[in-house]
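the following block contains a protein sequence and its predicted model.
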Amino acid sequence: MPEQLLTLALARPHEAIAGAQRLLATDPPVLDASIARQASGIGLRQLGDIGGAIRELRLSLRLAEQSGSGQRELDALATLGATLGRAGQGKQGLACLDRAVAGSTGAFAGRVLIRRADVLLVLGRHQEALEDLRNAVSRLRRAGDQVWEARSRNYRGFVYLTLGRTRQADADFAVAERLYAASSQAFESAEVGQNRGLVAFARGDLPLALEYLGTAGQRFEALGVVWPELAIDRCGVLLAAGLIGEARDEADRAVAQMDKDGGQPTKRAELLFAAATVALVSADPVTARERAEEARRLFSAQRRPWWSARATMVQLEARHQAGGQGPQLLRRVIETAARLDQLGAAEAPAAHLLAGRIALAEGRRVTADRELERASQYRRGAPPLARALALLGKALRSEARGDVSGMLAACARGLDVLDEHRLMMGATELRARATAHGAELASLALRDAVRRNDPRRLLLSSERWRATALAAEPVRTLGDSELVADLAALREVVRRSERLPLDTPAGQALERDRRRLEHAVRSRTLEAPGGSSSAGERFDLDQLRAEQRETTLVEMVEVDDILHAIVVRDGRIRLHTVGPLSAASFEVERARFRLRWLARGRPPTGPGLDVIGDRLSAAVLGDAATDLGDGPVVIVPPGRLQALPWHLLPPLADRVVSVAPSAAMWMRARRLRPPPERKVALVLGPGLTSGYSEIPSLVERYPEATVLGGGAATADAVLRALDGAWLAHIAAHGTFRSDSPLFSSLQLDDGPLTVYDLERLRQAPYQLVLSSCDSGLAQPVGADELLGLTSSLMPLGAAGILASVVPVNDRAAVPLMTAVHDRLSAGGSLAEALAAAQAGAGDDPVAVATAASFVVLGM
């Protein structure tokens, strides 16, 4: 029947268009032809051909007028009105819909009201849309019209969501989802799933939001539909998750797709607004301003003040990010913030916060106080990120008033709120990236401590927001069979691709498979829900002093690019200002370059390692080098210095030195007790020139060890051997992936063992030695978090990890590792064993460089 085409048009637009064309080819009666044209127009609208849709719907309306059916005419008129609204012609669209509503009664009036509400929603007239939808839900429920009741609830849920009423929104979406499923409306069922993702996002549950949006994307793709709203929603969630690169890629792809295929002008404007927001967060103010201006022009032409004000705010933020200041910018930001308040936009607090910042810079303290006070307000039940933003406003206001205790209290509350946000996530990567939201709150407290020359408070403030992603209990992926299967497939693809040139068709096909599998693994992990209600044990300075004994702790803190060293020794805390962090980073890279040069056996030229070590010491430790005492040293560096070869520094050259992500993590490692069974695992990866001399000597030392190599060192076998081991030694080449650090890997017989594989361990080895690659590297993300092979193992129970921070000479590593195990066997810790082995490295440049390239993480 022709009416079935209308039902099909939203669910499967391609099929509806084809069915309409077949019906029209039979020269049907005028009434049936009107229905066919209407179905074709709806299908074209769904596929983004808005011009073609309007042409079809005008034809449908003319045919309906000829048919003599009043209801047919009103239905066609309502669909045309809704489509004109989506085309940015809101005034004309509402005129059509007002006529249709006036002529409608009963359940049919409910259908028309939904379409008018759609246009009102596009125009940002949310309360009017809500009234229409309440009326529509009531009429359609009484009539038993399940499909249209589902549509009315889906729209009403979206309006509730826009107004911040997430409980009512989710209730409507749940009913709509059930009704759509019962009526086989595939497209609209996918759309309501997308909307439930937005509810999860509004509540701060980013993993669930990503899962909903990912499933919706798969369902749209199966229907052959490119849905720009999905890209818009994904951009918002990805930005909140700290996945800025992915958000930018999503936005750029969607804009390019719409430039190529066209689409609804209203959706183009919304997509440009989302892309502008992404560019702003990406610190690209030029692109942000250009896209926001184009979006604002479109919104203004479409008479959409709610959207236009939001786009104006992005323009103003971009001007400020590019260095803009002054009274004119301040006036415009204040006006826009007031307009956003009037429109009920969620961006209003951020606008007041920006106005407060500019007013402070201009010396307008009264204005700043007023704007920051407005920024510090949030509605009851607001998600964590909104509450954290409000508390930042309160902290800035307190600081401007000279209320230090108020500022510190607001910072502490804000970081507590962000702990709540972070713990909703199960993925280590999301937890680490989420800390970026607290960077300014943490910096306010750090800056004040430096200003007051208060090393105790600086240490406490540093520990509050350092390595927090590693401190919380990790979420295990032990029972995820799909993840295990994807990781196994990825290993096989990588192993096969190593035998084929990338420029061959087979090599390119394997590269596509690799990217697909990596995307599947990462997406599945990001969707893991949080499993811990605790952010981890808080740092206790008294406990640190009690556990230190003769150990000196040096915690390095960066404040406004200046490196400070806090030295805790013999119960005292002293603060040293070292110098620019950028200068220290430069010296680190120069040292790493020289170590790589020597590892390749190249002749030593230029400054010697002793000169490089002196430069490093001056840039990284400064005067703190004279304050280290004589005992062991624990270094807690900022993320940008995590790849430093610490034993090159003369004050540390003959010392027992270990590195930790935070003082709290070092204390946690010290408290770990070795497993009762001294289980040892020795692993030899493929293609290692030194392994056949290194591993056999270790087998003699540990005769009961599990030994894997020569084809037996597969991922599953290695994970079984590592789980709960007292000591594990892996001699295998590795790869550090700065683009995606959790795909950093060790090369085994069946392919790469990634961080995602290691996160499947129930218990990491108590002590781990990685002898043949730069697996000690990690990628700084978030506020000051690290992602990499070694950093992932500490939360899983590793007390100490020995690894290199630059690629090492395989042959020179063999005697060094033998010496390390000599000391380990005698009962020493990894840090003590490495110090003893380095002391015996001799004078050979390659041996010295190899010894200096290793560090101990933990104890």
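That came through, no problem.

before we move on, what SS does R310 have?
Here R310 is recorded as helix under DSSP: H, G, I helix; E, B strand; the rest coil.

count of residues packed around it?
Per other CB atoms under 10 Å, the neighbour tally for R310 reads 28. In short, each C-beta sits where N, CA and C put it, glycine included.

pretty sure it is touching F273, no?
Yes: if you go by CB atoms under 8 Å, R310 and F273 touch, sitting 6.7 Å apart.

for the closest residue to K91 other than its chain neighbours, what are its contacts?
Excluding the flanking residues, the one nearest K91 by CB to CB, 6 or more residues apart in numbering is R303, at 6.3 Å. R303 sits next to G90, K91, L123 when contact means CB atoms under 8 Å, 6 or more residues apart in numbering.

gap between R303 and L598?
Between R303 and L598 the computed distance is 69 Å (CB to CB, to the nearest Å).

got it, and P455?
Applying CB to CB to P455 and L598 gives a distance of 38 Å.

for V175, give me its contacts.
Applying CB under 8 Å, 6+ apart, the residues near V175 are A150, R153.

secondary structure element for it?
Assigned by DSSP states H and E, V175 falls within helix 166-182.

ok, S34 next?
helix 30-46.

again with A412
Under the assignment here (DSSP H and E), A412 is part of helix 404-422.

please apply the same query to Q747.
Judged by DSSP H and E, Q747 forms part of strand 745-748.

what's that strand in contact with?
491, 683, 685-687, 713-715, 718, 730, 732-735, 737, 752-755, 770, 773, 775, 789.

of the residues you listed, which belong to helices?
R491, A715, V718, V755, L789 (DSSP state H).

tell me which strands and helices the lowest-mean-pLDDT helix or strand in the chain is in contact with?
Scoring the helices and strands of the chain by mean pLDDT, DSSP states H and E places helix 468-471 at the bottom, with a mean of 75. Contacts defined by 3 or more CB pairs under 8 Å, 6 or more residues apart in numbering; DSSP states H and E place helix 468-471 against helix 404-422, helix 428-434, helix 663-671, strand 785-787.

picking that back up, per-residue confidence averaged over the helix holding V175?
Throughout helix 166-182, pLDDT has a mean value of 93.

same deal with stretch 142-162?
93.

now swap in stretch 370-381 and tell me
88.

helix/strand/coil for G402?
coil.

mind checking the backbone torsions on it?
phi 80, psi 20 (degrees, to the nearest 10).

Y378: neighbouring residues, count only.
Y378, neighbours per other CB under 10 Å, totals 16.

ok, now P845?
Count around P845 with other CB under 10 Å applied: 18.

closest one of the ones in helices among the contacts of strand 745-748 to R401?
V755 (45.6 Å; CB to CB).

how close does the closest residue to A322 other than its chain neighbours sit to S523?
For A322, ignoring the flanking residues on the chain, the nearest one in space by CB to CB, 6+ apart is P285 at 4.1 Å. P285 sits 30 Å away from S523, going by CB to CB.

of those two, who's got more company?
P285 (21 against 14).

contacting residues for the more buried one?
So P285 contacts A279, A318, R319, Q321, A322 (CB under 8 Å, 6+ apart).

phi, psi for the residue nearest to the fourth one when sequence neighbours are not counted please.
With CB to CB, 6+ apart as the measure, P285 is the residue that lies nearest to Q321, at 4.2 Å, once sequence neighbours are left out. With angles defined as degrees, to the nearest 10, P285 sits at phi -70, psi -30.

among the contacts of P285, which ones are buried?
Among the contacts of P285, those classed as buried by 16 or more other CB atoms under 10 Å are A279, A318, R319, Q321.

ok, longest helix in the chain?
Per DSSP H, the chain has its longest helix at helix 505-526.

distance from the chain centre to that one, please.
Here helix 505-526 is found 19 Å from its chain centre; the criterion is CA atoms, centre = their mean, to the nearest Å.

which positions in stretch 382-401 come out as buried?
Quick answer for stretch 382-401 (16+ other CB under 10 Å): 382-400.

just those residues: which are in helices?
Using DSSP H, the buried residues of stretch 382-401 in helices are 384-400.

all helices of the stretch 201-350 of the chain, in order?
For the stretch 201-350 of the chain, the helices defined by DSSP state H, counting those that start in this stretch cover 206-222, 228-240, 244-261, 265-281, 285-301, 305-321, 327-343, 348-361.

just the angle between the third one and helix 228-240, please?
In terms of direction (axes from the mean of the first three to the mean of the last three CA atoms, to 10 degrees), helix 244-261 departs from helix 228-240 by 160 degrees.

so what touches helix 244-261?
48, 226, 228, 231-232, 234-235, 238-239, 267-268, 271-272, 274-275, 278-279, 281-282, 291.

and the pLDDT for the nearest residue to R615 once chain neighbours are set aside?
Spatial nearest neighbour of R615, chain neighbours left out: E587 (5.2 Å); criterion: CB to CB, 6+ apart. On the pLDDT scale, E587 is placed at 93.

wait, doesn't E587 sit right on V620?
Yes: if you go by CB under 8 Å, E587 and V620 touch, sitting 7.1 Å apart.

so between the two, which is more surrounded?
V620 (29 against 21).

contacting residues for that one?
Contacts of V620 (CB under 8 Å, 6+ apart): M556, L563, V578, A584, E587, V588, L641, L644, L649.

distance-wise, check it relative to A783.
From V620 to A783 the distance is 21 Å (CB to CB).

ditto for V521
26 Å.

cool, F173 as well?
Distance from F173 to A783, by CB to CB: 34 Å.
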